[in-house]
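Undergrad: My questions are about this predicted structure, shown below with the sequence.
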Amino acid sequence: MFLTCQLTSTRKMGFLLSTPTGSLPCSSYTRKQTVENRSVDMNFTIEERGKPNTVDYRMFFKNSNGKYISPFHDIPIYADESQNIFHAVIEVPRWTNAKMEIATKDPLNPLKQDIKKGNLRYVANVFPHRGYIWNYGAIPQTWEDPGHKDKDTECCGDNDPIDICDIGDKVCSRGEVIRVKVLGTLALIDEGETDWKVIVINTEDPEANSFNNVEDVRRLKPGYLEATFEWFKKYKVPDGKPENQFAFNGEFKDRDFALKTVKETHEFWKSLISKQTNAGELNCMNTCITDSPFCCSSADAKAVVDSACAFGPEDPIPSAVDKWFYV
C-alpha cells in the first residue's frame, strides 16, 4: 500500500516527512532537470516494502506523475546534458555497511540488500574505515556490458550500472537521487570483470564549483583518493578473498576519460533496453521508455509492487557488523 505523509520541514535535497503511528516512512526528492532546453520538475518518491534488514526488504521508486518506475531504466542519465551533469541513485549512504544495490534481475529493479550464501551482505570495517567512505550508488541508464571486452582493461563489464563514489560533504539518504559532476574514475578488476568506480561530487555541495577534475580531489581533500584505493583493494579480504586488482596500476583516470567511459556505458544500455543486446538474466521492465519492447503498463508495474511483502518494523542489525578488521 502507498502511504500519505505530512510535510513537516523542507531542505535543499528533499523533504523531511512525518511518520504518524501506523504509517510507513517515505522520502521524496525534487529536482529541476534541463531536457532539450526545457525545465522539467522531477520528483521521485520512495515506497518501502518488507522489513528493513531482512531479505524481503525492497525500496521502490515513483516519479512525479505517481507512476512506478525503474531506477535502472526510467530515471534519465542526464540532469543537464549540456553541462555533463548526471543523475545518481544513492544505494549506500556514507558510514553505513549494508550492501544495498539496484536489483537488476528483479521487476522494476527496486533497491534491496545483496545476499551471499543465504545471508544479508554487510561490508566489513577495515581499519581505519567505518563502512563505506563515500555515498555509494549508480548512474541510471548505464550498463557495463559483460559481452564487451574493454580495450584498456582487457576485461569484460560486470553486468551492472556504472558505480559512483560521491565525495561531497553531505551524508545522503538511501534511495536519494542527486545531481553529480564527474571528476575521474578508478578501474577495479573484480573477479576478472571491469568494475568502474566513478568519482563524483554532488552539485549541491558548497564546494562543488572548486572540483572539476580528479586532481582537484587530490589537492583539496588530501588522502581521500589514496583511502579510496585502499578501501577497494582490501574490502573483501575479511571475507577470505584476495585483495582486488586494478587496471592502470591503480591510477585514477581524469575527468575526460571518466566522461567517455560513462557515455560509453550509456550506449551499451541503449542497446540493452532496445533488445539489440541479449539481456540475459537482467530485468529490463520499465514504464517510461515507450519505444522499448520491455515497456509495461502502469497496472503491470503496480502489480509488481503490490505483490511485495507489506512494510514492517526493521530487524536489528547483527552486532558483528561493528567488528573491526586489521588488514
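TA: Cool, got the structure. Numbering: from 1, shown residues only.
Undergrad: name the helices or strands packed onto the longest helix along the chain?
TA: Scanning the chain for the helix with the most residues, using DSSP state H, yields helix 255-273. Judged by 3 or more CB pairs under 8 Å, 6 or more residues apart in numbering; DSSP states H and E, helix 255-273 is in contact with strand 177-190, strand 193-202. Quick note: C-beta positions are derived from backbone N, CA and C, even for glycine.
Undergrad: Would you mind giving those strands as JSON lines with mean neighbour count added?
TA: As requested, these are exported to JSON lines (neighbours: other CB atoms under 10 Å):
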{"stretch": "strand 177-190", "mean neighbour count": "23"}
{"stretch": "strand 193-202", "mean neighbour count": "24"}
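Undergrad: JSON lines for these, including distance to R130 and mean pLDDT?
TA: Output for these, formatted as JSON lines (distance: least, CB to CB, whole Å; pLDDT from 0 to 100):
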{"stretch": "strand 177-190", "distance to R130": "20", "mean pLDDT": "97"}
{"stretch": "strand 193-202", "distance to R130": "19", "mean pLDDT": "98"}
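Undergrad: re the thing from before, which helices and strands does the following helix or strand past the longest helix of the chain pack with?
TA: Next in sequence after helix 255-273, counting helices and strands by DSSP states H and E, comes helix 298-306. Here helix 298-306 touches strand 68-69, going by 3+ CB pairs under 8 Å, 6+ apart.
Undergrad: What's the local residue count around V214?
TA: By other CB atoms under 10 Å, 22 other residues sit near V214.
Undergrad: Next up, the contacts around it.
TA: 183-184, 199, 225, 252-255, 258 (CB atoms under 8 Å, 6 or more residues apart in numbering).
Undergrad: likewise D190?
TA: Here D190 is in contact with 158, 244 (criterion: CB under 8 Å, 6+ apart).
Undergrad: One more: the one 5 residues further on?
TA: Neighbouring residues of D195 by CB under 8 Å, 6+ apart: 144, 158, 160, 163, 187-189.
Undergrad: can I get these in CSV with distance to A279?
TA: Shown next, in CSV, are those (distance: CB to CB, whole Å):
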residue, distance to A279
E144, 14
D158, 15
D160, 13
D163, 20
A187, 25
L188, 24
I189, 24
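Undergrad: Closest one of these to V177?
TA: D163 (15.5 Å; CB to CB).
Undergrad: is it true that the closest one touches T194?
TA: No - the criterion here is CB atoms under 8 Å, and D163 misses it with T194 at 11.2 Å.
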